[in-house]
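> Show me the folded form of this:
(2 chains)
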Number of protein chains: 2
Amino acid sequence: MATVPDMRPAAADLTAAFARFISTARDRALPPEVAQATHRGFANWMACALGAAGDRDVAAALRVAAALGGAPQASVIGRTDRLDVVNAALVNGIAANILDYDDMHVPTLIHPTGAVVAAALALGESRKVSGAVMEAAVATGIEVECRLGRALFPKHYDTGWHSTATLGTLGAAAAGAVVLGLDATRTAHALGMAATQAGGLRAMLPTPCKSFNIGKTASAGVLAVLFAEAGFDSEPRALEAKFGLFDVFGWPDDPAAITQDLGTRYLTAEVSLKPYPCGVVIHPVIDACLELARMHDLAPAHIRKVVITVHPRTIELAGRQHPDTAIKGRFSFFHAAALAFVKRSAGLAVFEGADVNDPALATLRGRMTAVADPQLQSRQARVRIELEDGRSLEQAVDHPSGSPAKPLTDAQLQAKFLELAARVAPVQGQALFEACLHLERLQDVSALRRHWVA
Amino acid sequence: MATVPDMRPAAADLTAAFARFISTARDRALPPEVAQATHRGFANWMACALGAAGDRDVAAALRVAAALGGAPQASVIGRTDRLDVVNAALVNGIAANILDYDDMHVPTLIHPTGAVVAAALALGESRKVSGAVMEAAVATGIEVECRLGRALFPKHYDTGWHSTATLGTLGAAAAGAVVLGLDATRTAHALGMAATQAGGLRAMLPTPCKSFNIGKTASAGVLAVLFAEAGFDSEPRALEAKFGLFDVFGWPDDPAAITQDLGTRYLTAEVSLKPYPCGVVIHPVIDACLELARMHDLAPAHIRKVVITVHPRTIELAGRQHPDTAIKGRFSFFHAAALAFVKRSAGLAVFEGADVNDPALATLRGRMTAVADPQLQSRQARVRIELEDGRSLEQAVDHPSGSPAKPLTDAQLQAKFLELAARVAPVQGQALFEACLHLERLQDVSALRRHWVA
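Numbering: from 1, shown residues only, chains lettered A, B, ... in the order given. Next comes the predicted model:
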């Protein structure tokens, strides 16, 4: 076990500090709670990718990727197809995100596993690495992207950058570097090649291209580490260099803080796993509405008016009152609240089964108003209902289901996993879930495939 | 022949206007001088890619790409290898740029053909399109990227974006859309998928990753059009949408001007083809020094002092007095000026044969000083020499060799082509040059390959 090097460099050594952290990850034991969170995140990622294996847009991506005819190096999750590592990362990254059921690091609005696991797993299968290496890779990738996110949030996101994509590229490359076992020098070059590929526009969010952003981020990370491994050089101080990542995307207020406690403290513990397949800022609204509906046995006809008070960003991200497509419905707290009242659930089957144009839902959405309260945080919601009988009810949620303060239980995560796995015919859901949750026991991560290939 | 639609929309329709322009390109005849410039640019691109076929970094890129094992859909220029279209675009885009001998649209500092031809040719080979379609695709791609560049220059570049990469992604997608024959709707989605992949940091410029940026831009463009063709949707108003390209990268002063005269006026005529394998802003300095050395038969020992006066950007881009690597030497007007005086040439053999640490060159560079003059333009240089005998000589260059006002003659372009082609053993340089210059005569662009595959 290597000792943790001093990780408090000046801004001048930021990239090098990350490169040291990444290149020593295989030799560093994760704190048990970090390892556990990593396994749960990995299982959650796998569940989402499995559940999307039959998705129309994933099928389109797979058609494109398969037509390129790459070597069968890595699995398409939930399917018999195999693709080269770059395209497997691309397709699986899209799949893991497209149901909007994945995970989120709420302080940075980054979906931590999306591109990181897609990149690490594709490379890991092709190199037949162990579950322990995969665990290290995923935890490292998440740490890199979330620390960069924390440094740049909220300005980076408010500018319009889809930070899961922009910063995820470095996370995916970090994870890939661990899988390939790159040394610090080659890792720094890989980070450079990742940084120069960083991109992704929030304009894509209400479209399937949101998920393309994640897939492309994963494949960009894979390409960065493969090029670095092959001896291709980049700028090895890509974070802090003139016209480097920070110089171009914006300098954080305290660059030195980015790498503080690197290798001893992990942000993984701050990650939420979604209990509902929709934007995470909607979740406290759903919790509040479900609680009100169940506690008071409310039928939609009882409801005269609903006032939903949330952080202004929640309105910006999910304040479309009458969404006209399914994906926009997954980013409308009006729609989600209506589902909660009408269906008493906001699960996958409910979201998928409901037509956003259903008059019953539209009528109820029409009775709702939203209030922005900058005093609240993104994780909070206040829902007040006026009933036809004159009563007024109110429900406050400070920590939504799935958040670090109220995490999914293992049983809840298992139920989510099995629900999603069941969408893929031959998958052995329970065995695969356990393999993911005990990732460190795997001799070779390419064995995971057996659970869904008959 | 379709009539040219009205191409002066408000900003609200920018993406749609480009999509219409692109999707009708196959039916629109190019003005003869635009067609000619397109053929010359294509030939110049081919020459640069051929000349780099044996390059060390291109070989590394090819190893990575070949290991992915894609179907043999498109050629690696100058080699027998074939790759899938995405990876062929990647490798050829790198190759065409890596000698720094390509081309430049000086008003935007964009290398117009780099990613555009790499994307169009890879797709064109795989779909066996005609030279006429290739001509339309290349001219269209160049037009899109240079118009976007003109709209955003200089702020975009000054921010640190490598605009050949960022905006080239849309150019490459535009060219690819013409090759695939996408309609306006699918083209708009392709532009969206290109815009969301736009990236590329100027921090990479003194490293081989500069060329990776170009290759990655080409492959991103290919992926965008393949996804669009497969029915994958993006935001079809990606230029003007909230959190779209302009909203995130910066709004141009006059958005409506971007598409003005689209389809009737072309920026291709403003493109320079490089006579020297180095940064284009260095070229007027080289011209001036070569002229002085030849006219006055100067030996380095005669020279006491050299004062080089240029636009401030030339100093920013190429003002390194003592470069320590070959690639940095190609972006140092001190080094280039020293070569001009010592070698009486700044050709490819001279740049490649010279050691940047050669004491004779370093001594002469040490006698040089640079002066920034914002009154000059990037294309200008003033070189004043003080000789040991007390004389003072001065040379002004307003339009460097290769620039639109002083273009390479066909004979000069041919000599450049043959010099580069000769580096690849079995290539039939003269026949390939003529095939490129008469691109419109080709029934199937995949026939070009015959000229370098024995």
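
> Do a quick rundown of the helices in the stretch 201-350 of chain A.
A:209-229, A:245-249, A:283-295, A:312-318, A:326-329, A:333-343, A:348-353 (DSSP state H, counting those that start in this stretch).

> Oops, could you answer that again for the stretch 1-150 of chain A instead?
For the stretch 1-150 of chain A, applying DSSP H, counting those that start in this stretch gives helices covering A:14-23, A:32-51, A:56-67, A:85-98, A:113-127, A:131-152.

> Please convert these to CSV, extending it with distance to residue B:291, mean pLDDT and mean neighbour count.
The C-beta positions use only the backbone N, C-alpha and C, and glycine is treated the same way. Rendered in CSV, the data for these read as follows (distance: least, CB to CB, whole Å; pLDDT from 0 to 100; neighbours: other CB atoms under 10 Å in any protein chain shown):
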stretch, distance to residue B:291, mean pLDDT, mean neighbour count
helix A:14-23, 44, 97, 26
helix A:32-51, 63, 98, 24
helix A:56-67, 53, 98, 21
helix A:85-98, 49, 98, 32
helix A:113-127, 53, 98, 32
helix A:131-152, 50, 98, 27
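
> quick revisit: highest mean neighbour count out of the helices of the stretch 201-350 of chain A?
Between the helices of the stretch 201-350 of chain A, helix A:209-229 has the highest mean count of neighbours, a mean of 31, where neighbours are mean count of other CB atoms under 10 Å in any protein chain shown.

> contacting residues for the residue nearest the centre of chain A?
Centroid-nearest residue in chain A: residue A:111, 2.3 Å away (criterion: CA atoms, centre = their mean). Each residue near residue A:111 by CB atoms under 8 Å, 6 or more residues apart in numbering or on different chains is listed here: A:97, A:102-105, A:164, A:168, A:214.

> Show the average pLDDT along the host helix or strand of residue A:369.
Residue A:369 belongs to strand A:368-372 when elements are defined using DSSP states H and E. The pLDDT scores in strand A:368-372 average 98.

> So which elements touch it?
Applying 3 or more CB pairs under 8 Å, 6 or more residues apart in numbering or on different chains; DSSP states H and E, we find strand A:368-372 packed against strand A:303-310, helix A:312-318, helix A:333-343.

> can you map out the helices along the stretch 351-454 of chain A?
Going by DSSP H, counting those that start in this stretch, the stretch 351-454 of chain A shows helices at A:359-366, A:410-421, A:429-437.

> Only the buried residues of the longest one, if you could.
To tie it back to what came earlier, the one meant is helix A:410-421. Judged by neighbour count (16 or more other CB atoms under 10 Å in any protein chain shown), helix A:410-421 contains these buried residues: A:413-414, A:416-417, A:419-421.

> Any chance of those in JSON lines with pLDDT and distance to residue B:288 as columns?
Listed next are these as JSON lines, based on pLDDT from 0 to 100; distance: CB to CB, whole Å:
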{"residue": "A:413", "pLDDT": "98", "distance to residue B:288": "70"}
{"residue": "A:414", "pLDDT": "98", "distance to residue B:288": "74"}
{"residue": "A:416", "pLDDT": "98", "distance to residue B:288": "70"}
{"residue": "A:417", "pLDDT": "98", "distance to residue B:288": "70"}
{"residue": "A:419", "pLDDT": "97", "distance to residue B:288": "73"}
{"residue": "A:420", "pLDDT": "97", "distance to residue B:288": "68"}
{"residue": "A:421", "pLDDT": "97", "distance to residue B:288": "71"}
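
> out of the residues you listed, who's nearest residue A:315?
Of all those, residue A:315 sits closest to residue A:416, with 27.5 Å by CB to CB.

> The closest one and residue A:44 touch, don't they?
Yes: counting by CB atoms under 8 Å, residue A:416 touches residue A:44, with 7.3 Å between them.

> Overlap in contacts, the two.
Both residue A:416 and residue A:44 are in contact with residue A:273, where contact means CB under 8 Å, 6+ apart.

> if we can go back for a sec, which one of the buried residues of helix A:410-421 is nearest residue A:333?
For these, the nearest to residue A:333 is residue A:416 (20.8 Å; CB to CB).

> Contact partners for the closest one?
A:44, A:47, A:101, A:273, A:275, A:408 are the contacts of residue A:416 under CB under 8 Å, 6+ apart.

> Kindly recompute the last result at 7 Å.
Counting by CB atoms under 7 Å, 6 or more residues apart in numbering or on different chains, residue A:416 makes contact with residue A:47.

> repeat for residue A:336
The contact partners of residue A:336, taken as CB under 7 Å, 6+ apart, are A:278, A:282, A:285-286, A:346.

> Can you check the pLDDT for it?
pLDDT recorded at residue A:336 is 98.

> Could you check how far it is from chain B?
Counting by CB to the nearest CB, to the nearest Å, the gap from residue A:336 to chain B is 22 Å.

> before we move on, the earlier item: using PDB, write out every CA atom in the strand holding residue A:369.
Taking C-alpha atoms only, strand A:368-372 is exported to PDB below (Å, rounded to 0.1, in the frame of the first residue of the first chain):
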ATOM      1  CA  MET A 368     -50.600  24.300 -10.100                       C
ATOM      2  CA  THR A 369     -48.400  27.300  -9.600                       C
ATOM      3  CA  ALA A 370     -44.700  27.400  -8.900                       C
ATOM      4  CA  VAL A 371     -43.000  29.800  -6.500                       C
ATOM      5  CA  ALA A 372     -39.200  30.400  -6.600                       C
END
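
> what's the angle from that strand to helix A:283-295?
140 degrees (axes from the mean of the first three to the mean of the last three CA atoms, to 10 degrees).

> confidence score at the nearest residue to the residue nearest to the centre of chain A once chain neighbours are set aside?
Closest residue to residue A:111 apart from its sequence neighbours, by CB to CB, 6 or more residues apart in numbering or on different chains: residue A:164 at 4.6 Å. For residue A:164, the pLDDT comes out at 98.
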